[in-house]
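J.: Need coordinates for the below:
(2 chains)
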Amino acid sequence: MARISAGIATSHVPAIGAAFDLGKTEDPYWAPVFEGYEFVKEWIKDNTPDVVILVYNDHASSLMMDIVPTFAMGFADEFQSADEGWGRRPVPVVENHIELAAHIAEQLVIDEFDITLINEMDVDHGLTVPLSLVFGDVKEWPCKVIPFVVNVSQFPTPSGERCWKIGEAIRNAVKTFPEDLDVQVWGTGGMSHQLHGTRAGLINEEFDRRFIDLLAHEPEELKYITRLEYLRETGTEGIELIMWLIMRAALGYGVEEKKRFYRVPASNTAVGHVVYEAKS
Amino acid sequence: MPRTRLYPLADLEDIPGTKVFTALRSREAYYLHKFCMSLMKAENREEFKADERAYLDKFKMTEEQKQAVLDRDLTKLIELGGNMYFLVKLASTDGLSALKAVSTTSGMGVEEYTQMMLEGGRSPHGIRSIRDKN
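T.: Residues are numbered from 1 along each chain as shown, chains lettered A, B, ... in the order given. From the prediction side, this is the model:
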């Protein structure tokens, strides 16, 4: 049977991808950010999964304009990196695990989540920056990746509570997949940031640190934070943190925290990152 | 029975200096955004740069939106329904980083804004709510 063995959360700031691609990881501005990922780059060598379910949001690259699905899964065989206005990131093609994706879709609908399937799309920095941060500069990604896309940008977005529940549903779906697969769930985005207006540059370190404090062992505390509270406390883009809840819920009750990291700034954003191993 | 809202929808408009991107704003900016997404192709970026006005006229945007694009007035574009994830494609076409693009809407110069970020960013204190002034 398939099982979810671990979870990773990380911010997915596009400028991190640019710094990575342009070889600026040791610049004084960027070195303290990339240092925070030294642990996971080592850890993943012994913990490479068969499949990553990578929870992210599309930044007006493939979605958001003509179609705005609340929850969607990439269902193509493979995905290219998107041209977001400065050319495609030079990263490997992302390969899907179609059988597991199909199974998850089936089980999610049974669990009352009517998931959207996307047969063609490019994947943007929201998906490729986390892959680069964890796997580094590689010729091909060492595992399959199921893109799991959440609308966190256009209101109405889903609530944190709903994200928690779909995380639980993903967990149940993976557990009932008959093939023996090692699966990780990654939650990306956040932490606090706002990208427009006189509140641009908002960082709420107190909120972010409390979020990381509670996520491992008292995540129930975080489930009921309203969308309005995310906007007020963490900025209009800080609400991406609801995607971390999907990862956490997918891991089940007990986790062992292997790493936590917090750093301000990367571009406009507070960078947060955790690594959890599932206990049960 | 429908479930009760956890907060009044109007509260989304109660955050200082903030335009929450709603489905209605998305409608308002649909053709502006269509233009922005067209810049995801190199040949379109070249065509836009060669004659901005002519390129913009291919889209059903309002005159106000077109003028704000020509002026690179991101604050205005956000007032007219725009969302930064779309607008950043325009900034990228100009070779501007997201940090620089965002700073132009903040009322601060880019150097002052960059320095603020290096010092830990903007505190949420006092700018959570217009009504509650907290």
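
J.: how much distance is there from stretch B:55-71 to the middle of the chain?
T.: Stretch B:55-71 has its C-alpha centroid displaced from the chain centroid by 15 Å (CA atoms, centre = their mean, to the nearest Å).

J.: what do you get for stretch B:91-111?
T.: 11 Å.

J.: ok, and what's touching that stretch?
T.: Stretch B:91-111 is touched from outside by A:14-15, A:18, A:84-86, A:195-198, A:200-201, A:267-268, B:39, B:45, B:48-49, B:72, B:74-75, B:78, B:84, B:87-88, B:113-114, B:116-117, with contacts defined as CB atoms under 8 Å, 6 or more residues apart in numbering or on different chains. In short, each C-beta sits where N, CA and C put it, glycine included.

J.: The closest residue to A:W30 other than its chain neighbours is in what secondary structure piece?
T.: Nearest non-adjacent residue to A:W30, counting by CB to CB, 6 or more residues apart in numbering or on different chains: A:A19, 4.6 Å away. Per DSSP states H and E: A:A19 is located in helix A:14-21.

J.: how about the helices in the stretch 51-200 of chain A?
T.: A:98-110, A:125-135, A:160-175 (DSSP state H, counting those that start in this stretch).

J.: the inter-axis angle of the first one versus helix A:160-175?
T.: Same thing as helix A:98-110. Using axes from the mean of the first three to the mean of the last three CA atoms, to 10 degrees, the inter-axis angle of helix A:98-110 relative to helix A:160-175 is 130 degrees.

J.: Equivalent analysis for the second one, please.
T.: On the basis of the same axes, to 10 degrees, helix A:125-135 is oriented at 60 degrees to helix A:160-175.

J.: Just the mean pLDDT for helix A:125-135, thanks.
T.: The average pLDDT within helix A:125-135 is 98.

J.: Which elements pack onto that helix?
T.: strand A:3-10, helix A:14-21, helix A:38-46, strand A:51-56, strand A:94-95, strand A:144-150, strand A:182-188 (3 or more CB pairs under 8 Å, 6 or more residues apart in numbering or on different chains; DSSP states H and E).

J.: I'd guessed the residue nearest to A:W30 sits against A:T25; true?
T.: Yes. Using CB atoms under 8 Å, A:A19 makes contact with A:T25 at a distance of 6.1 Å.

J.: what's the overlap in contacts for these two?
T.: A:F34.

J.: okay, these two: which has more neighbours?
T.: A:A19 (22 against 17; other CB atoms under 10 Å in any protein chain shown).

J.: Now do the more buried one against A:A31, distance only.
T.: In this view, A:A19 and A:A31 are 10 Å apart by CB to CB, to the nearest Å.

J.: who touches both of the two?
T.: By CB under 8 Å, 6+ apart, the residues touching both A:A19 and A:A31 are A:T25.

J.: what about the residue nearest to A:L195 when sequence neighbours are not counted, how many neighbours?
T.: Leaving aside its sequence neighbours, A:L195 sits nearest to B:M84 (CB to CB, 6+ apart; 4.3 Å). Neighbour count of B:M84, defined by other CB under 10 Å: 26.

J.: And the pLDDT at B:P16?
T.: 98.

J.: about what we covered before: I'd like the helices of the stretch 51-200 of chain A written out as CSV, with mean neighbour count added.
T.: Shown next, in CSV, are the helices of the stretch 51-200 of chain A (neighbours: other CB atoms under 10 Å in any protein chain shown):
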stretch, mean neighbour count
helix A:98-110, 17
helix A:125-135, 25
helix A:160-175, 21
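
J.: how about JSON lines for those helices, with distance to A:E233 added?
T.: Converted to JSON lines, the helices of the stretch 51-200 of chain A look like this (distance: least, CB to CB, whole Å):
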{"stretch": "helix A:98-110", "distance to A:E233": "30"}
{"stretch": "helix A:125-135", "distance to A:E233": "22"}
{"stretch": "helix A:160-175", "distance to A:E233": "12"}
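
J.: show me what contacts the nearest residue to A:D137 once chain neighbours are set aside?
T.: Sequence neighbours aside, A:F20 is the residue nearest to A:D137 in space, at 7.6 Å (criterion: CB to CB, 6+ apart). Shown in contact with A:F20 (CB under 8 Å, 6+ apart): A:34, A:129, A:132-133, A:137.

J.: what separates stretch A:31-46 from the chain centre, distance-wise?
T.: In terms of CA atoms, centre = their mean, the centre of stretch A:31-46 is set 16 Å apart from its chain centre.

J.: Summarise which helices and strands the longest strand belonging to chain A is packed against.
T.: The longest strand of chain A (DSSP state E) is strand A:255-266. Applying 3+ CB pairs under 8 Å, 6+ apart, one finds that strand A:255-266 contacts helix A:31-35, helix A:38-46, helix A:205-217, strand A:269-278, helix B:110-118.
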